[in-house]
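>>> Sequence first, then the predicted structure:
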Amino acid sequence: MGVMRFRVRPRDLLDDWPEVYRGYISGMDGRVYATRIEVDDDIVTCRRQISESGRLNVAWPIEGMGRPVVTTSSLAERDEPYILAVELARGKIAQVRDQSSAWDISGMIVPDEFQQVSRQAHSAFAKASAAQDDPQESSELAHLALVKAYEAANILSRAYTEQRLNVRRKRSKNLPASLGCHLGQSVFEENEGQSFCRVFNSAGVPVEWRHVEPVEGEYHWETFDAQVEWCRQNKLLMYGGPLLDLSPNGLPSWLWQWEHDVLNLQSFVCDFVETAIGRYQGTIRNWEVSARVNTGGVMTLNEEQRLSLVARSLEVARQVDEEVQLMIRIDQPWGEYQARGQHRLSPVQFVDALIRSGVGLSGVNLEFGVGYRPRGSAPRDLLDFSRLIDQWSQLSIPLHVTLALPSEVGEDSLARSDLEVDSSYSTHIWNEEIQAEWVDRFLPLLMAKQSVVGIFWGHFSDAGVHHFPHAGLLRPDGSPKPVLDHILNYRLEYWSPENEA
């Protein structure tokens, strides 16, 4: 068994650090190992089956950022514990240095401000490394180095975003990507519809099996027919689905009687996919066939069965309409769910297997449900997001991104999923202001990525049934949250409606 140990100072950090138990070890290739975390006094022990070098990924308090996930550099196993703050600082500084060099080589102008802050990070880290005989002093210096490294990463990422957006604007006045939102399970009132069309140029019509056929043989298309007609009248680009949701309780409840009969289950699935795409053939040209296919959790389907089911669904959809664009949705795209030891394939490997099978996958939708558990994405900084998008871009298929972030904590009576707002981040309480600020930080970065052809928000209003608790752009009473105006500003600047075809 592979074992890594880390010393944490100050010791009282462990008294209010529930995220430490969600830490995991990853390999040089990004593979996530099943990891068990133990805490004894000031020592954090990470255990896994494989004994080789690896990187610890764990949430760590950074002033002004809450507790983002920080990654060490690749470390060898040894008997003596590492000082955790030192290794986290080493990992972040190396990441920033490598990315700065790569962007500089590609022609980006690295700002002088970055160089100054980066030197401060290196100086503090050098002192921390030299002081490791005193874990307390070394940890304090390493924490300062880590804060400066994050500041440098933020400066670098913002400069990259600004310069890339300027290049894209020179090529096209309007960004060649869709900006949209999922409609939810109801038809808009007039004021809501007008507000939606001011902000977005595309819409997700949630033609989802569990809502269409809640009782076997009884189909309810009325809401979705009305939404399709409304989108058509308002000239919105439509994305249908996800037809299938493979997360826990994502399929119709009556289907559970077939959970141990995979062949019959696959037959039912294919019949619905054929029926839904056939119904809107010629109207909806973009379909999300399956969602949360990599993590699963529905029924007793294992990873191989889910892969086979998704592949067959894509084949059937392509047979119904050869011209339709088909994609699947991947949640937790960093692959942290693999730390539980129940999955063999990483998110990228799952999609790569579908591409290689030749089933006609047209794109992938990356779902970032930030601030949720148990299946959400932990907070990370701009540079981590940028590097992840670049990693997925290597698949050479169009990327879509679905974003969701809570505007408050507590129960959401209209949320229909196993998700809950993660309130364990004691220094990062979710509220409407943080939701809007997050959009201002991360939306421009996604807009700057050429491989990202569509950006969607999880759902429009909290007044209807939805998947992500408290993530809507409208409050339950229909009034807008601050985030709506923030997204509108980007629409007006980068997708000027009067210039759209």
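That came through, no problem.

>>> Check the secondary structure at the residue lying farthest from the centre of the chain for me.
The C-alpha centroid of the chain is most remote from Asp133, which lies 39.7 Å away (Cα atoms, centre = their mean). Classification of Asp133 using DSSP: H, G, I helix; E, B strand; the rest coil returns coil.

>>> So which residues of the stretch 1-150 of the chain form strands?
Counting by DSSP state E, counting those that start in this stretch, the stretch 1-150 of the chain has strands at residues 2-7, 24-26, 36-40, 43-48, 55-59, 69-71, 82-83.

>>> check contacts around Gln325.
285-287, 362-363 (Cβ atoms under 8 Å, 6 or more residues apart in numbering). In short, each C-beta sits where N, CA and C put it, glycine included.

>>> Give me the below-cutoff pLDDT ranges for this structure.
Applying pLDDT under 70 to the chain flags residues 424-428, 497-501.

>>> now the residue nearest the centre of it, what's its secondary structure?
Against the mean C-alpha coordinate of the chain, by Cα atoms, centre = their mean, the closest residue is Phe368 at 2.1 Å. Phe368 falls in the strand class when you classify it by three-state DSSP.

>>> when you give positions from now on, start the count at 28
With 28 as the first residue, the last one maps to Phe395.

>>> Can you tell me how far it is from Ala176?
For Phe395, the distance to Ala176 equals 23 Å [Cβ to Cβ, to the nearest Å].

>>> Then Asp67?
For Asp67, the distance to Ala176 equals 29 Å [Cβ to Cβ].

>>> Val351 too?
Taking Cβ to Cβ, one finds Val351 at 45 Å from Ala176.

>>> So these two - more neighbours on which side?
A count of neighbours by other Cβ atoms under 10 Å puts Ala176 above the other of Val351 and Ala176, at 31 against 20.

>>> Now do the contacts for the more buried one.
Ala176 makes contacts with 116, 119-120, 123, 145, 148, 152, as judged by Cβ under 8 Å, 6+ apart.

>>> Reformat those residues into TSV and put neighbour count and distance to Gln359 next to each item.
Below are the contacts of Ala176 laid out as TSV (neighbours: other Cβ atoms under 10 Å; distance: Cβ to Cβ, whole Å):
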residue	neighbour count	distance to Gln359
Ala116	33	26
Lys119	30	22
Ile120	22	26
Val123	26	24
Ser145	22	31
Ala148	24	29
Phe152	22	31
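
>>> Quick one: list the elements packing against the host helix or strand of Glu331.
Using DSSP states H and E, Glu331 maps to helix 330-347. Contact here means 3 or more Cβ pairs under 8 Å, 6 or more residues apart in numbering; DSSP states H and E; on that basis helix 330-347 packs against helix 289-306, strand 313-318, strand 352-358, helix 374-383.

>>> got the CA positions of the shortest one in PDB?
It refers to strand 313-318. Presented in PDB, the C-alpha positions along strand 313-318 are these (Å, rounded to 0.1, in the frame of the first residue of the first chain):
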ATOM      1  CA  ASN A 313     -28.400  20.100 -31.200                       C
ATOM      2  CA  TRP A 314     -29.100  17.300 -28.700                       C
ATOM      3  CA  GLU A 315     -27.500  16.400 -25.400                       C
ATOM      4  CA  VAL A 316     -28.200  12.700 -25.300                       C
ATOM      5  CA  SER A 317     -26.900  11.800 -21.900                       C
ATOM      6  CA  ALA A 318     -25.800  13.700 -18.800                       C
END
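
>>> So for His486, what's the nearest residue that isn't a sequence neighbour?
Of all residues not flanking His486 in the chain, His493 sits nearest, at 4.4 Å (Cβ to Cβ, 6 or more residues apart in numbering).

>>> Do I have it right that the one you found meets Leu446?
No. Checked against Cβ atoms under 8 Å, the pair His493 and Leu446 is beyond contact range at 10.3 Å.

>>> and Ser340, how many residues sit next to it?
Residue neighbour count, defined by other Cβ under 10 Å, stands at 24 for Ser340.

>>> Ile424 too?
Ile424 sits with 18 neighbouring residues when counted by other Cβ under 10 Å.

>>> could you measure the residue nearest to Val492 when sequence neighbours are not counted against Met326, distance?
Once flanking residues are discounted, Val492 sits nearest to Gln212: 4.6 Å by Cβ to Cβ, 6+ apart. As judged by Cβ to Cβ, Gln212 and Met326 stand 23 Å apart.

>>> Any idea what the residue nearest to the centre of the chain is bridged to?
In this entry, Phe395 is beta-bridged to Leu430, by DSSP bridges.

>>> between the helix or strand hosting Asn193 and strand 29-34, what angle do the directions make?
Applying DSSP H and E as the criterion places Asn193 in helix 162-198. Put simply, helix 162-198 runs at 110 degrees to strand 29-34, going by axes from the mean of the first three to the mean of the last three Cα atoms, to 10 degrees.

>>> Pull out the buried positions in helix 162-198.
162, 165-188, 190-192, 195 (16 or more other Cβ atoms under 10 Å).

>>> After it, heading C-terminal, what element do we hit next?
Moving toward the C-terminus from helix 162-198, the next helix or strand (DSSP H and E) is strand 205-209.

>>> Sheet-wise, list the partners of that following strand with their directions.
Strand pairing (DSSP bridges) places strand 205-209 next to strand 229-232 (parallel), strand 479-484 (parallel).

>>> Of these, give the one that comes closest to Arg371.
Each of the strands paired with strand 205-209 has some distance to Arg371 by Cβ to Cβ; the shortest is strand 479-484, at 28.0 Å.

>>> What lies in contact with the closest one?
Identification of contacts with strand 479-484 by Cβ under 8 Å, 6+ apart yields 203-209, 229, 231, 266, 390, 392, 416, 425-431, 470, 473-474, 498, 500, 514.

>>> Need the max-distance pair from the contacts of Ala176.
Ala116 and Ser145 (12.6 Å).

>>> Chain neighbours aside, what residue packs nearest to Pro108?
Arg32 (3.9 Å).

>>> swap in His209?
Nearest non-adjacent residue to His209 (Cβ to Cβ, 6+ apart): Gly231, at 3.7 Å.

>>> can you tell me how far Ile311 sits from Glu256?
12 Å.

>>> I misspoke; the intended subject was Ser450.
From Ser450 across to Glu256, the span is 40 Å (Cβ to Cβ).

>>> For the two, work out which one has more neighbours and name it.
Legend: neighbour count by other Cβ under 10 Å for Ser450 and Glu256, higher for Ser450 (15 against 12).

>>> Gln332 touches Leu290, doesn't it?
No. With contact defined as Cβ under 8 Å, Gln332 and Leu290 do not form a contacting pair (10.7 Å).

>>> More neighbours: these two, which one.
Neighbours per residue (other Cβ under 10 Å) separate Gln332 from Leu290, with Gln332 holding more: 15 against 7.

>>> what's near enough to touch the more buried one?
With Cβ under 8 Å, 6+ apart, Gln332 has these contacts: Val289.

>>> switch the cut-off to 10 Å
Contact analysis of Gln332 by Cβ atoms under 10 Å, 6 or more residues apart in numbering lists 289, 292-293, 323, 326.
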